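>>> Predicted model and sequence below, questions to follow.
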Amino acid sequence: MNKMQLKILSRSENENFARNVVAAFALPLNPTLSELSDIKTAVSEAVTNCIVHAYPEREDWITIDCETEKATLHITVSDNGKGIEDVAQALTPFFTSLPDEERSGMGFTIMQTFMSGFSVKSAPGVGTTVKMSKTIGARADADAR
(Lines give C-alpha, C1' and ligand atoms only; values in the text may rest on other atoms or scores of the structure.)
Protein backbone atom coordinates (compact mmCIF):
# COMPACT_ATOMS: atom_id res chain seq x y z
CA MET A 1 0.00 0.00 0.00
CA ASN A 2 1.16 3.49 -0.84
CA LYS A 3 -0.45 6.87 -0.21
CA MET A 4 -0.09 10.45 -1.33
CA GLN A 5 -1.90 13.76 -0.98
CA LEU A 6 -1.84 16.73 -3.33
CA LYS A 7 -3.32 20.15 -2.59
CA ILE A 8 -3.74 22.56 -5.47
CA LEU A 9 -5.44 25.89 -5.91
CA SER A 10 -8.60 25.87 -8.03
CA ARG A 11 -6.88 27.28 -11.10
CA SER A 12 -7.36 25.81 -14.56
CA GLU A 13 -3.58 25.52 -15.08
CA ASN A 14 -3.43 23.09 -12.13
CA GLU A 15 -5.80 20.56 -13.77
CA ASN A 16 -3.10 19.16 -16.08
CA PHE A 17 -0.61 19.04 -13.21
CA ALA A 18 -3.05 17.08 -11.02
CA ARG A 19 -3.87 14.52 -13.71
CA ASN A 20 -0.18 13.90 -14.40
CA VAL A 21 0.74 13.57 -10.71
CA VAL A 22 -2.00 10.99 -10.16
CA ALA A 23 -0.96 9.12 -13.32
CA ALA A 24 2.66 9.06 -12.12
CA PHE A 25 1.51 7.76 -8.73
CA ALA A 26 -0.37 4.93 -10.49
CA LEU A 27 2.67 3.76 -12.51
CA PRO A 28 3.86 1.11 -10.00
CA LEU A 29 0.55 -0.71 -10.64
CA ASN A 30 1.75 -1.19 -14.24
CA PRO A 31 -1.36 0.20 -15.97
CA THR A 32 -1.86 -0.01 -19.71
CA LEU A 33 -1.86 3.23 -21.69
CA SER A 34 -5.64 2.94 -21.90
CA GLU A 35 -5.96 2.57 -18.12
CA LEU A 36 -3.64 5.55 -17.60
CA SER A 37 -5.75 7.58 -20.00
CA ASP A 38 -8.91 6.62 -18.07
CA ILE A 39 -7.32 7.74 -14.78
CA LYS A 40 -6.10 11.03 -16.23
CA THR A 41 -9.47 11.79 -17.80
CA ALA A 42 -11.40 11.04 -14.59
CA VAL A 43 -9.05 13.20 -12.51
CA SER A 44 -9.34 16.01 -15.06
CA GLU A 45 -13.13 15.90 -14.87
CA ALA A 46 -13.14 15.88 -11.06
CA VAL A 47 -10.69 18.79 -10.77
CA THR A 48 -12.49 20.78 -13.46
CA ASN A 49 -15.77 20.31 -11.57
CA CYS A 50 -14.13 21.81 -8.49
CA ILE A 51 -12.79 24.78 -10.43
CA VAL A 52 -16.01 25.51 -12.32
CA HIS A 53 -18.72 24.55 -9.84
CA ALA A 54 -17.29 24.53 -6.30
CA TYR A 55 -15.41 27.80 -6.52
CA PRO A 56 -17.01 29.83 -9.33
CA GLU A 57 -16.11 33.23 -7.88
CA ARG A 58 -12.96 32.56 -5.89
CA GLU A 59 -9.88 30.39 -5.68
CA ASP A 60 -9.57 27.81 -2.93
CA TRP A 61 -8.02 24.45 -2.24
CA ILE A 62 -8.72 21.17 -4.01
CA THR A 63 -7.36 18.12 -2.21
CA ILE A 64 -6.52 14.90 -4.03
CA ASP A 65 -5.78 11.82 -1.95
CA CYS A 66 -4.53 8.64 -3.62
CA GLU A 67 -3.90 5.19 -2.25
CA THR A 68 -2.88 1.95 -3.89
CA GLU A 69 -4.23 -1.32 -2.57
CA LYS A 70 -3.01 -4.40 -4.42
CA ALA A 71 -4.13 -3.79 -8.04
CA THR A 72 -6.45 -0.88 -7.25
CA LEU A 73 -5.87 2.85 -7.26
CA HIS A 74 -8.22 4.81 -4.98
CA ILE A 75 -8.62 8.53 -5.67
CA THR A 76 -10.51 11.06 -3.55
CA VAL A 77 -10.99 14.59 -4.88
CA SER A 78 -12.52 17.02 -2.40
CA ASP A 79 -13.32 20.69 -2.07
CA ASN A 80 -14.87 22.99 0.52
CA GLY A 81 -16.94 24.88 -2.02
CA LYS A 82 -20.60 25.46 -2.85
CA GLY A 83 -21.65 21.83 -2.65
CA ILE A 84 -24.35 20.15 -4.70
CA GLU A 85 -28.01 20.53 -3.74
CA ASP A 86 -29.25 17.42 -5.56
CA VAL A 87 -26.52 14.82 -6.13
CA ALA A 88 -28.86 12.41 -7.94
CA GLN A 89 -29.79 15.12 -10.43
CA ALA A 90 -26.12 16.12 -10.86
CA LEU A 91 -25.29 12.49 -11.73
CA THR A 92 -27.83 12.51 -14.58
CA PRO A 93 -26.10 12.52 -17.99
CA PHE A 94 -26.24 15.91 -19.73
CA PHE A 95 -27.42 17.75 -16.59
CA THR A 96 -25.54 20.98 -16.01
CA SER A 97 -26.07 23.68 -13.45
CA LEU A 98 -24.53 26.15 -15.93
CA PRO A 99 -26.70 25.88 -19.05
CA ASP A 100 -25.54 29.26 -20.37
CA GLU A 101 -21.94 28.06 -20.57
CA GLU A 102 -20.47 25.47 -22.89
CA ARG A 103 -20.75 22.59 -20.43
CA SER A 104 -21.82 19.13 -21.58
CA GLY A 105 -23.09 17.88 -18.24
CA MET A 106 -21.10 14.68 -18.74
CA GLY A 107 -18.34 15.06 -16.12
CA PHE A 108 -19.75 12.61 -13.56
CA THR A 109 -20.84 10.22 -16.32
CA ILE A 110 -17.31 10.18 -17.73
CA MET A 111 -15.86 9.53 -14.27
CA GLN A 112 -18.29 6.66 -13.69
CA THR A 113 -17.59 5.14 -17.10
CA PHE A 114 -13.80 5.30 -16.92
CA MET A 115 -13.37 4.11 -13.35
CA SER A 116 -14.12 0.80 -11.59
CA GLY A 117 -15.78 2.47 -8.61
CA PHE A 118 -17.36 5.89 -8.13
CA SER A 119 -19.31 7.82 -5.50
CA VAL A 120 -20.18 11.43 -4.67
CA LYS A 121 -20.98 12.99 -1.31
CA SER A 122 -21.91 16.63 -1.11
CA ALA A 123 -23.66 19.18 1.07
CA PRO A 124 -24.59 22.73 0.10
CA GLY A 125 -22.18 25.23 1.64
CA VAL A 126 -19.89 22.44 2.87
CA GLY A 127 -18.31 20.99 -0.25
CA THR A 128 -18.09 17.85 -2.35
CA THR A 129 -16.08 14.65 -2.18
CA VAL A 130 -15.72 12.40 -5.20
CA LYS A 131 -14.31 8.93 -4.58
CA MET A 132 -13.11 6.88 -7.52
CA SER A 133 -11.20 3.65 -7.89
CA LYS A 134 -9.57 1.93 -10.82
CA THR A 135 -8.54 -1.73 -10.74
CA ILE A 136 -5.63 -2.27 -13.05
CA GLY A 137 -6.24 -5.31 -15.28
CA ALA A 138 -2.77 -6.74 -15.86
CA ARG A 139 -1.89 -6.39 -12.19
CA ALA A 140 -5.28 -7.75 -11.10
CA ASP A 141 -4.75 -10.84 -13.28
CA ALA A 142 -1.27 -11.40 -11.81
CA ASP A 143 -2.55 -10.99 -8.24
CA ALA A 144 -5.29 -13.56 -8.90
CA ARG A 145 -2.75 -16.27 -9.83
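The structure has been received and is ready for your questions. Numbering: from 1, shown residues only.
>>> Just the endpoints, please. Distance across stretch 6-22?
Start and end residues of stretch 6-22 are separated by 9 Å (CA to CA, to the nearest Å).
>>> what about that stretch, distance to the chain center?
On the basis of CA atoms, centre = their mean, to the nearest Å, stretch 6-22 sits 11 Å off its chain's mean C-alpha point.
>>> swap in stretch 87-94?
Offset of stretch 87-94 from its chain centre (CA atoms, centre = their mean): 16 Å.
>>> List the buried residues for that stretch?
By neighbour count on 16 or more other CB atoms under 10 Å, the buried set for stretch 87-94 is Ala90, Leu91. Backbone N, C-alpha and C define where each C-beta goes, glycine included.
>>> And stretch 39-53, how far out from the chain middle?
6 Å.
>>> Could you point out the longest helix of this protein?
When the chain is parsed with DSSP state H, its longest helix is helix 33-49.
>>> who does the next helix or strand after it touch, helix- and strand-wise?
As assigned by DSSP states H and E, the chain's next helix or strand after helix 33-49 is strand 61-69. Secondary-structure packing of strand 61-69 (3 or more CB pairs under 8 Å, 6 or more residues apart in numbering; DSSP states H and E): strand 2-9, helix 13-26, helix 33-49, strand 72-79.
>>> Need the contact partners of stretch 3-12.
Contacts to stretch 3-12, defined as CB atoms under 8 Å, 6 or more residues apart in numbering, come from residues 14, 17-18, 21-22, 25, 47-48, 50-51, 54-55, 59-68, 79, 81.
>>> Near the closest residue to Ser116 other than its chain neighbours, how many other residues are there?
Nearest residue to Ser116 in three dimensions, chain neighbours excluded: Thr135, at 4.6 Å (CB to CB, 6 or more residues apart in numbering). Neighbourhood size, Thr135 [other CB atoms under 10 Å]: 17.
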